[in-house]
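Asker: My questions concern the predicted model and sequence given below.
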Amino acid sequence: MAPLKQQVRTRIRRFELLSSAGLWALALFSILSMGAYRDFNMLPSFGAGVRGVLGAGPPVMLINWALIIYGFSALVLILIQMASNKRPRCSLLHLFYLGAFFFFYHFSNELSDNFWALFTVGLTILGLQSYHFWHYYQEQIVEQKEILKELERLEKMNV
């Protein structure tokens, strides 16, 4: 029984770590947002040659529509995962997409005008994803604790 109980305790510890995984994405998004709020002034700017190769930034209206579509789609997908009680997916992909939106707005020289909208969308998506991580793994922890109780009960019966 002892090795079985140790496996369950190990799973519980792993689930406790995984339950906070969404918070790491929120922390990284916060750091990225702080840089974006300052218009990434701590990074070197693109030279005229690089800007000439890349061309003009995309029109802001297209970026806005892409952000709306992405935000709505991401929220629907997270809610579907939550409703079907599926294991949450990695938040780093959302972080990558939100970083790309920061880049597009920055490159179009419209980041200051659209920062709060993007920040709100990112916070909503990553906050819901973080809650999904926490809720899903808390259910797994409760299940494992019940298994541990049952193993201890069986162990007492055999003594």
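Answerer: Cool, the structure landed. Since this is a predicted model, take the numbers as computed values, not measurements. Numbering: from 1, shown residues only.
Asker: Could I get the contacting residues of residue 89?
Answerer: By Cβ atoms under 8 Å, 6 or more residues apart in numbering, the contact set of residue 89 is residue 81. Just so you know, the C-beta spots here come from the backbone N, C-alpha and C atoms, and that holds for glycine as well.
Asker: Give me the secondary structure label for it.
Answerer: coil (DSSP: H, G, I helix; E, B strand; the rest coil).
Asker: ditto for the one 4 residues further on
Answerer: When the structure is split into helix, strand and coil by three-state DSSP, residue 93 lands in helix.
Asker: Distance-wise, check it relative to residue 104.
Answerer: As judged by Cβ to Cβ, to the nearest Å, residue 93 and residue 104 stand 17 Å apart.
Asker: These two: who's more crowded?
Answerer: Using other Cβ atoms under 10 Å as the criterion, residue 93 and residue 104 rank with residue 104 on top: 20 against 12.
Asker: give me the element that one is part of.
Answerer: Secondary structure from DSSP states H and E places residue 104 in helix 92-107.
Asker: How about that helix, which residues are buried there?
Answerer: 94, 95, 97, 98, 99, 101, 102, 104, 105, 106, 107 (16 or more other Cβ atoms under 10 Å).
Asker: Could you give the backbone dihedrals for the nearest residue to the last one once chain neighbours are set aside?
Answerer: To tie it back to what came earlier, the one meant is residue 107. Leaving aside its chain neighbours, residue 107 sits nearest to residue 57 (4.2 Å; criterion: Cβ to Cβ, 6 or more residues apart in numbering). Main-chain dihedrals, residue 57, degrees, to the nearest 10: phi -70, psi 160.
Asker: Tell me who's in contact with residue 57.
Answerer: Residue 57 touches 104, 107, 108, 109, 110, counting by Cβ under 8 Å, 6+ apart.
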